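predicted model follows, preceded by the sequence.
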Amino acid sequence: MTRFKNIFSLFARIAPVLLIPGLALADDTPVPDKGDTAWMMTSTLLVIMMGLPGLALFYGGMVRSKNVLSVLMQVFVVFSLLTVLWVIYGYSLAFTGTGTWIGGFERLFLAGINADSMAATFTDGVVIPEFVFIAFQCTFAALTACLVVGAFAERIKFSAVLIAMVIWFTFAYLPIARMVWFGEGYMFKLGALDFAGGTVVHINAGIAGLVGAIMTGRRLGYGTTAMPPHNLPLVMVGASMLWVGWFGFNVGSNLEANAFAGLVFLNTFIATAAAVVAWTFIEWGTRGSPTMLGGASGAIAGLVAITPACGAVGPMGAIVLGIIAAVICFWAVTKLKRIFGYDDSLDVFGVHCVGGIVGAILTGVFVAEGLGGVGLAEGTSMLDQVGVQALGVAITLGWSAVVAFIAYKVADLTVGLRVAEDQEREGLDTVSHGESAYT
Amino acid sequence: MTRFKNIFSLFARIAPVLLIPGLALADDTPVPDKGDTAWMMTSTLLVIMMGLPGLALFYGGMVRSKNVLSVLMQVFVVFSLLTVLWVIYGYSLAFTGTGTWIGGFERLFLAGINADSMAATFTDGVVIPEFVFIAFQCTFAALTACLVVGAFAERIKFSAVLIAMVIWFTFAYLPIARMVWFGEGYMFKLGALDFAGGTVVHINAGIAGLVGAIMTGRRLGYGTTAMPPHNLPLVMVGASMLWVGWFGFNVGSNLEANAFAGLVFLNTFIATAAAVVAWTFIEWGTRGSPTMLGGASGAIAGLVAITPACGAVGPMGAIVLGIIAAVICFWAVTKLKRIFGYDDSLDVFGVHCVGGIVGAILTGVFVAEGLGGVGLAEGTSMLDQVGVQALGVAITLGWSAVVAFIAYKVADLTVGLRVAEDQEREGLDTVSHGESAYT
Amino acid sequence: MTRFKNIFSLFARIAPVLLIPGLALADDTPVPDKGDTAWMMTSTLLVIMMGLPGLALFYGGMVRSKNVLSVLMQVFVVFSLLTVLWVIYGYSLAFTGTGTWIGGFERLFLAGINADSMAATFTDGVVIPEFVFIAFQCTFAALTACLVVGAFAERIKFSAVLIAMVIWFTFAYLPIARMVWFGEGYMFKLGALDFAGGTVVHINAGIAGLVGAIMTGRRLGYGTTAMPPHNLPLVMVGASMLWVGWFGFNVGSNLEANAFAGLVFLNTFIATAAAVVAWTFIEWGTRGSPTMLGGASGAIAGLVAITPACGAVGPMGAIVLGIIAAVICFWAVTKLKRIFGYDDSLDVFGVHCVGGIVGAILTGVFVAEGLGGVGLAEGTSMLDQVGVQALGVAITLGWSAVVAFIAYKVADLTVGLRVAEDQEREGLDTVSHGESAYT
Amino acid sequence: MKLITAIIKPFKLDDVRQAVTEMGVQGITVTEVKGYGRQRGHTELYRGAEYVVDFLPKTKLELAVADDIAEQVVEAIVNTARTGKIGDGKIFVTALEEVVRIRTGETGSEAV
Amino acid sequence: MKLITAIIKPFKLDDVRQAVTEMGVQGITVTEVKGYGRQRGHTELYRGAEYVVDFLPKTKLELAVADDIAEQVVEAIVNTARTGKIGDGKIFVTALEEVVRIRTGETGSEAV
Amino acid sequence: MKLITAIIKPFKLDDVRQAVTEMGVQGITVTEVKGYGRQRGHTELYRGAEYVVDFLPKTKLELAVADDIAEQVVEAIVNTARTGKIGDGKIFVTALEEVVRIRTGETGSEAV
Ligand SMILES: Nc1ncnc2c1ncn2[C@@H]1O[C@H](COP(=O)(O)OP(=O)(O)O)[C@@H](O)[C@H]1O
Ligand SMILES: Nc1ncnc2c1ncn2[C@@H]1O[C@H](COP(=O)(O)OP(=O)(O)O)[C@@H](O)[C@H]1O
Ligand SMILES: Nc1ncnc2c1ncn2[C@@H]1O[C@H](COP(=O)(O)OP(=O)(O)O)[C@@H](O)[C@H]1O
């Protein structure tokens, strides 16, 4: 019974309740529960913190000191710019209208929304303020684009980043978010499970990163010169803030502070812990030392993989999922990357895309009641579900890659993707931003 | 209707409901909603985080490495000291009694308050625990004084900071907070709109900073020697934490996790994002490079300006307000400061006072329903409202400046404001605190 | 009346309500309040943030730069590993069954718990989701072990830390947590007051640290070479995050976002502020300079001491308690440590154990109604209560010390406790983790 | 023996190290320095302040070598460190009166 | 040619740079160093530990100059770097056997 | 006068300082450097990347001393800095043509 309710809820994502503006608050209008509103505002803040300063530090600590500000600025400005674009047209295109892959223009500039407008949740009759829902979804859009920038760090032009990310946000993020999360969305209707954004956020960003890394080309000296992280404590702080903030991401996606949130919360916690332990031990066993960068990478791998699964699997499934994600992502960043020779500076592909795929596919497995999950939808076999999950992955990979290619091409043809060789040597901080990080 | 409710609420700020102590919980005593309590505790924590470590890092990263601990310590100890003084006499003087500019002594040492004491909110019959209200308001007082210290950083004596800030807190912060926020306060009754503290916090602190910067005198080598921020990633972390924490500041000022909170939340988010983008682009256009310090400064300028306005304007008004604030503050820190030649080390005046004035005045404009705001009070024209806003600004500027002047004078005559020249060269960390930041 | 309710609640700690699994949600099953659930999730996150990155930074900043990653990794991996062990067997052993000092195996792997399982709070009929309770309690266990590692920092083997902490967690943390907090626990039944973990967390960790510091031996050059903190701003950030996070620790222990939470909140705030001011002034008076390390240490001392007391004392009691804790801990780290000559690298004993004892004992004093507290239990004199508190302290000290001794011995006999002399000179970062913190 | 001091562009360090070790140089001492010279610096902006950074990051190498190979070593450094662009740096040669290896107490060219 | 090595107080760097460039010196290499000398350090406190910091921040300048202006340069440095207070620093002069400009291969006083 | 330059293991700095000051040396200038030599470095791992760190942290001391005590000072440094393990470092001695104390303008051995 209760399990059915939860599974069901996965199929009933948000269609914001439009209150006719100007109308006085009628007696039968649903009033948001203050506990839900409090939690959703807290969750939104947690996701903001994931981006600023979380992700910025995680990435910034990994580059060389001459490029740290460039990474911080890319995250800071992309996050801010997309926030503005989200309220101008992003929200309208992603969450209004009736299209299966893109929405309408009726809420451009948030037209017609006021403090009394409500958005539906997974539970009938339970609503949250639409402004809060807009802010919450905004953070997902902004953060996703920020994830991408790690792939071509240390060599790209700042203007190129802005141009490419605006195009990619508009033509890749918005439609994919709609397809996966909107009640009328294409993948949603197929029955793809993605509780908090494995496809929309991580696979989406990861593949866009890979395309960018390849198109921008390798860093000077890649493979021959040492390029160690300039400040690993920053990386650790960033990873920790990402971990803490990710609860807003995952548990906030539940839209309510109800009992089910507890499961999502615990899953997010322990899948990550298990992935940290797994990565640490694999690294220790195979390469001789358990590193801080490894521990932090394990945390992100676990978080990425549990993202689509956090509302579908049980605690023990979460632990196993975390371990598997750590093993496969470890392999991706140490072996796969070397085999293909691309220079994905901060392993956006190896951690976010690969981890996202692992999570998306295995969600279809560990959702099974026999494996401790909340149970497959009636009449759906595990194979069916895994198939649907794989389809969702494939669509995301293809769509995002194509749009990303075009986006970088446009940037390349207008401002150029890459700084000059001398400038790359000097470092982007002084060259692109006229500042030094440390004096 | 609903808009009227909101506007109305702006005129109905807190008068804590005194429960007669010792009396058993009667059936008709209002019980706080747990969602509100949860949110107000979260908001209070967010404001603490704004100060420690947010503001401390924002400021600490901007000074030279020989002075970073002195700034951290000033923030850390001023924050702590005023917290203690707040519960001893600050709360009583600001929020009890019936005076129009100062309160009474009946709650010295929080006498007569217990866990069942409640404070009113803007909604009739809705209360929050008074202890939570005390803690929330405490963070405002403590943070405001900490903002001031950036103006005379790198040259002032630690003891002078403590003396001046205690005096200024007592004779400037407390009366102004009362006048603006207390139901019987002078400016409150005039109808000045200041949702979360544009006057009380930012104009107040900014002008006190300017007076301090002038009275302490310029740093040795100011204008001739380079004094770049010693650690810009710290500045970025600080700014990000201020941004995240500021939601506690602004949305917490709503005192309830109700639907209206969503508007306040979204406004705080997007005004800031718009200001980041604006500052970045102006700087890029006029000075050649978009800097991290610029992005961070833009964020703070936007946050300051939206503070008084966040409960009055609509989302598009918030964006425009953010952009205007960025433009004017950019001008203030690059041109105005040079024209007058004062050495406001970390631009407390240029960002907090100037941004606060922009926000306070424009609140009177963008509150208009035609501009997307919640609407002017009945019978009030925009000109009236702007006039009232300007009066509030003027009173704050005058009062705070005079008290600040006296406070620094007292510090100067007792312990002296400034360290010796040799000591300033060596740096305040070893001289005043017997420590080095980095080894 | 209301005071009685609160006191009573201290004696009625958690016995999770087991819903029979598989049964549909019956109408009379208590449904958790969303405000409580929101607050408890927020609190859990705050405690995670205390550990990662809070404590890690606080500790990491205090060691020399060649050892910073080793400390970060110890915290990161111990935290993660114990999180996994907690859901596997820790929760079952601590919070199920009927034993007075240890629980049962019925919830190994969280068997039988699902999203509808509820845990009781101090208020009859009020519940929170059991998954949230599990996560909340998990963070206490994980954090406590992380506190220990500061005592033998800069010389211990990473493998030894893991082995010792797993043993100590299993045989010291779990039984003591049960004895103090579980309804059937030995100390709980005696009537010992420990609201948020003065004994379980701080005395427990502090004494285990001391034993470890002595058994591992002093660092090379201890007492003759300078070993200043390599990055005091990190220490400040860590201390600030601990302060902010500690509200989750203390107020979360109330399990509800009710009015009483306000008292716990305010006490946690102002005891700490008072301790910061006290430590700063004592240091200034007796040693000539108020240091940042001192301010941060004062904060932790105050937080430790208010931990057991936060639900028992009044605000003024909290201030006095904070001041006393600062004075005694200051003495412990400056004099006591020198007298005995042990090398407790980061003063885990001097701050956590000593501060915890001060807090535990004085809780028995300031709980008195005459001193502003919530009042002693009926029929209990202050002397009785202090006696019970002292007994709790003694049991914790003895038990933890013995288990810790065995745990380190096992580590020593299996992998060895300490790195080679050359390796200690080189630094644990490159030696144990194959990385450099800064390049 | 000679002490060869070379100021080079930082990214050339590895190449130079390889070149001189191939010639039998067994030790190098490296210092991060800032160089002022003909090469122009960049401008940095911090809110209202704007200033030119004239001191650029350079790497200083010190090598004690036997007299007979000194000239070749200098040549090797010049060849590997050269980019042809301004700011490539300088080499200074001074006479060494004595060299001691601390571990063994050896002196003279044995100690190099 | 001479190599002039000057240890000065860090805040004097800009003044000295200006003084010597006005005399025609075209390059300087600067290193952050710690100096131990007659000047007393300060005491640092870290909880129970207290110790005297004897090594104070100084700036080391190295200038290769032609023989003829060496003396004047030394004098210029002394004049601008002096505060008259203890810890002003030292200047050392050594003979340079050879100077090479890496970019061009020029040697001798051309290379300075 | 002589300029003694010693490259030593960092943890030996205090011992050496004490030894030479006991012999009457009144000033030392210290630089943090990286040394490449016979001593092998360690391997560092960063995800897929792995590389050997060949440049190890060393401390460089520069002491200007009067000719008559130069030899003893060198000996004292050798004795205190020696651990007998590889990587103990080197001492270089060069002739100083002139020494000036900036504060007073004194020159020669007075200035040391
Ligand atoms: N006379 C000098 N004395 C000491 N160092 C010098 C001198 N001239 C140049 N240098 C060093 O060499 C570096 C490169 O010199 P520069 O004049 O910029 O280019 P180039 O060597 O190509 O002419 C400078 O940054 C400085 O460190
Ligand atoms: N004999 C020396 N050898 C090398 N460096 C020295 C020597 N004497 C002084 N110094 C350097 O000069 C700096 C200033 O010297 P000090 O004795 O403190 O003051 P003063 O030069 O005014 O007498 C020292 O910090 C050190 O760096
Ligand atoms: N020829 C050299 N020129 C300059 N510095 C050297 C030379 N040989 C060694 N060094 C310095 O001395 C340090 C120790 O040398 P190394 O060969 O490792 O050990 P050892 O001195 O015990 O033989 C090196 O790290 C380097 O800094």
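In hand now; what should we look at? Ligands and ions are numbered 1, 2, ... in the order given.

up against chain A, what does chain D have?
D:11, D:14, D:42-46, D:53, D:85 (CB under 8 Å from any CB of the partner chain). For glycine as for every other residue, the C-beta is placed from the backbone atoms N, C-alpha and C.

stretch A:193-213 - what's its average pLDDT?
Averaged over stretch A:193-213, pLDDT sits at 97.

now do it: distance to the chain's middle.
6 Å (CA atoms, centre = their mean, to the nearest Å).

that one vs chain F: in contact?
No - Stretch A:193-213 stays clear of chain F (CB under 8 Å from any CB), getting no nearer than 13.8 Å.

what about that stretch, near chain C?
No - residues of stretch A:193-213 contacting chain C under CB under 8 Å from any CB: none, with a closest distance of 13.4 Å.

what's downstream of the helix ranked longest in chain A, the next helix or strand?
The single longest helix within chain A, with elements called by DSSP state H, is helix A:382-414. Once the chain leaves helix A:382-414, the next helix or strand it forms, by DSSP states H and E, is helix A:421-426.

how far off centre is that following helix?
The answer for helix A:421-426 is 31 Å, by CA atoms, centre = their mean.

and chain D, which of its residues are near ligand 1?
Within chain D, the positions near ligand 1 by CB under 6 Å from any ligand atom are D:7, D:35-39, D:56, D:58, D:86-90.

go ahead and name everything in contact with stretch A:130-137.
Here stretch A:130-137 makes contact (CB atoms under 8 Å, 6 or more residues apart in numbering or on different chains) with A:14, A:16-17, A:37, A:40-41, A:43-44, A:47, A:86-87, A:91, A:94-95, A:110, A:113, A:115, A:117-119, A:177, A:252, A:255, B:259, B:261-263, B:265-266, B:269, B:315.

okay, and which of these map to strands?
Within these, residues falling in strands by DSSP state E are A:118-119.

which of the contacts of stretch A:130-137 fall within helices?
If you go by DSSP H, the contacts of stretch A:130-137 have A:37, A:40-41, A:43-44, A:47, A:91, A:94-95, A:177, A:252, B:259, B:261-263, B:265-266, B:269, B:315 in helices.

between the residues of chain D next to ligand 1, which is closest to chain A?
Using CB to the nearest CB, D:Leu56 is the member of these that lies nearest chain A, at 8.8 Å.

count the neighbours of the closest one for me.
Applying other CB atoms under 10 Å in any protein chain shown, we find 18 residues neighbouring D:Leu56.

closest point of chain D to ligand 1, which residue?
Closest contact between chain D and ligand 1, by CB to the nearest ligand atom, is at D:Gly35 (2.1 Å).

please read the previous query as pertaining to the stretch 101-250 of chain A.
For the stretch 101-250 of chain A, CB to the nearest ligand atom, closest residue to ligand 1: A:Leu220, 20.6 Å.

relative to A:Arg64, how far out is the residue in chain A that ligand 2 sits nearest to?
Taking CB to the nearest ligand atom, ligand 2 has its nearest neighbour within chain A at A:Thr439, 22.0 Å off. As judged by CB to CB, to the nearest Å, A:Thr439 and A:Arg64 stand 16 Å apart.

the more surrounded of those two?
Per other CB under 10 Å, whichever of A:Thr439 and A:Arg64 has more neighbours is A:Arg64, with 20 against 15.

got the contact list for that one?
A:154, A:227-228, A:230, A:427, C:439.

and the helices in chain D?
Counting by DSSP H, the helices of chain D are D:13-22, D:67-81.

let's have the ones you listed in JSON lines, adding distance to chain C and mean pLDDT.
Formatted as JSON lines, these follow (distance: least, CB to the nearest CB, whole Å; pLDDT from 0 to 100):
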{"stretch": "helix D:13-22", "distance to chain C": "13", "mean pLDDT": "96"}
{"stretch": "helix D:67-81", "distance to chain C": "22", "mean pLDDT": "97"}
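
want to throw the ones you listed into a markdown table with mean neighbour count?
What follows is the helices of chain D, written out as a markdown table (neighbours: other CB atoms under 10 Å in any protein chain shown):
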| stretch | mean neighbour count |
| --- | --- |
| helix D:13-22 | 17 |
| helix D:67-81 | 18 |
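
and A:Gly288, which of those helices is closest to it?
Closest approach to A:Gly288 among the helices of chain D is made by helix D:13-22 (23.9 Å; CB to CB).

now the closest one: how far from the chain's centre is it?
Centre to centre, stretch against its chain (CA atoms, centre = their mean), the figure for helix D:13-22 is 11 Å.

helices and strands around it, which ones?
strand D:28-36, strand D:56-65, helix D:67-81 (3 or more CB pairs under 8 Å, 6 or more residues apart in numbering or on different chains; DSSP states H and E).

residue ranges with poor pLDDT in chain D?
Within chain D, no range satisfies pLDDT under 70.

surely D:Arg17 touches F:Tyr36?
Yes - with contact defined as CB atoms under 8 Å, D:Arg17 and F:Tyr36 form a contacting pair (6.4 Å).

which neighbours do these two share?
Joint contacts of D:Arg17 and F:Tyr36 (CB under 8 Å, 6+ apart) are D:28, F:54.

can you give me how far the one helix or strand A:Ile323 maps to is from the chain middle?
Under the criterion of DSSP H and E, A:Ile323 resides in helix A:315-331. Helix A:315-331 sits 18 Å away from the centroid of its parent chain (CA atoms, centre = their mean).

three-state assignment of the residue nearest the centre of chain A?
For chain A, the residue nearest the mean C-alpha position is A:Val201 (3.2 Å; CA atoms, centre = their mean). Following DSSP: H, G, I helix; E, B strand; the rest coil, the label given to A:Val201 is helix.

give me the nearest residue to the residue in chain D that chain A sits nearest to, chain neighbours excluded.
Chain A sits closest to D:Leu45 of chain D, with a gap of 4.4 Å, by CB to the nearest CB. In space, and not counting its chain neighbours, D:Leu45 is closest to A:Gly434: 4.4 Å by CB to CB, 6 or more residues apart in numbering or on different chains.

tally up the residues packed near the one you found, please.
Around A:Gly434 there are 25 residues (other CB under 10 Å).

show me the contacts for the closest residue to A:Gly427 other than its chain neighbours.
The spatial neighbour of A:Gly427 that comes closest, neighbours along the chain excluded (CB to CB, 6+ apart), is A:Lys66 at 2.5 Å. Neighbouring residues of A:Lys66 by CB under 8 Å, 6+ apart: A:426-430, A:437.

re earlier: with distance to chain E added, can I get the helices and strands packed on helix D:13-22 in a markdown table?
Below are the helices and strands packed on helix D:13-22 laid out as a markdown table (distance: least, CB to the nearest CB, whole Å):
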| stretch | distance to chain E |
| --- | --- |
| strand D:28-36 | 4 |
| strand D:56-65 | 7 |
| helix D:67-81 | 5 |
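
out of these, flag the one nearest A:Met187.
Across these, closest to A:Met187 is strand D:56-65 (CB to CB), at 50.7 Å.

show me what contacts residue 51?
No chain was given, so I picked chain A. Taking CB under 8 Å, 6+ apart as the test, what A:Gly51 contacts is A:75, A:79, A:139, A:142-143, A:146.

look at chain D instead
Applying CB under 8 Å, 6+ apart, the residues near D:Tyr51 are B:226, B:228, D:43-44.
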